[in-house]
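Colleague: Provide a 3D model corresponding to the input given below.
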Amino acid sequence: MSTALALAGTLAAYRLALASAARLGRPALLNPVLLSVVLVGAVLLLTGTDYDAYFAAAQPLHVLLGPATVALAVPLHRQRARVRAAALPLLAGLLVGVVSAVGTALLVPRLLGAPEVLVLSLAPKSATTPVAIALSADAGGAPALTAALVILTGIGAAVAGPALLDLLGVRDPAARGFALGVTGHGIATARALQEGEQQGAFAGLGIGLGALGTSVVLPLLLLLHG
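Modeller: This is a model prediction of the structure:
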């Protein structure tokens, strides 16, 4: 598959997903990323295209993930006064979020009898993809499986996260954005940006701190378990 075809197809799928979601009032289940994954997957399946070939051809999009993540610093910079004022609550939320995400990912699959490689691949699922893959490889998991689980986690957080926060009565924009960023990394952050700039800014902060926290907590929990 050529790079031009892979890029054009991926961008067209995402544009169609955005238009469809907007036309239907942006319901949670019609998350644009989820729709794009379904559309691209269906095309690859119907055309018999090997995923590895598509992935290699679409590499320019993956390269742009870095600058896109860094660009989240712009709205965060605008919210710097609010970040300083909420430093302690944010750190408390980060600790609870990371420990619960990693802890449940290690504990629940083991209780259900899952293979250890699956447990270790699942543990860093809430961190952003590059960090999660590196942590999985170091811990003895399967990086490719971790990448898929990270995407599923992000989609799940983007789809169910806002509704769950509504149910729990979490209305504060900073708290909503930070929770989505810590638990659902970039995909959930895109959903937070749809709610507002403040939500998106704190979600971007959640991505970075969540990745850092996971990098510290996961080895510690594995050491305690060992």
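Colleague: all helices of the chain, in order?
Modeller: Using DSSP state H, the helices of the chain run over 3-23, 32-47, 51-57, 59-63, 65-70, 73-78, 80-85, 87-111, 116-122, 129-139, 143-167, 173-195, 197-225.
Colleague: Can you lay out these as CSV showing mean neighbour count and mean pLDDT?
Modeller: C-betas here are computed from N, CA, C, even on glycine. Below are those laid out as CSV (neighbours: other Cβ atoms under 10 Å; pLDDT from 0 to 100):
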stretch, mean neighbour count, mean pLDDT
helix 3-23, 15, 84
helix 32-47, 16, 84
helix 51-57, 14, 81
helix 59-63, 12, 77
helix 65-70, 12, 72
helix 73-78, 15, 75
helix 80-85, 12, 82
helix 87-111, 16, 89
helix 116-122, 20, 90
helix 129-139, 20, 87
helix 143-167, 18, 87
helix 173-195, 25, 85
helix 197-225, 20, 87
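Colleague: got the domain boundaries for this protein?
Modeller: Under the assignment automatic domain parsing, the domains of the chain span 1-63, 67-225.
Colleague: gap between the two ends of the first one?
Modeller: Same thing as domain 1-63. Using Cα to Cα, to the nearest Å, the end-to-end distance of domain 1-63 comes to 18 Å.
Colleague: For Val119, give its distance to Gly48.
Modeller: 34 Å (Cβ to Cβ, to the nearest Å).
Colleague: again but with Leu164, I slipped
Modeller: Taking Cβ to Cβ, one finds Leu164 at 39 Å from Gly48.
Colleague: cool, Leu30 as well?
Modeller: 28 Å.
Colleague: list the contacts for the residue lying closest to Ala142 once chain neighbours are set aside?
Modeller: Distances taken as Cβ to Cβ, 6 or more residues apart in numbering put Ser121 closest to Ala142, at 4.9 Å, once the chain neighbours are dropped. Counting by Cβ atoms under 8 Å, 6 or more residues apart in numbering, Ser121 makes contact with Ser136, Gly141, Ala142, Pro143, Leu145, Thr146, Leu149.
Colleague: Quick check: the farthest pair among those residues?
Modeller: Pro143 and Leu149 (10.5 Å; Cβ to Cβ).
Colleague: picking up where we left off before, more neighbours: which of Leu30 and Gly48?
Modeller: Neighbours per residue, other Cβ atoms under 10 Å: of Leu30 and Gly48, the larger number sits with Leu30, 17 against 6.
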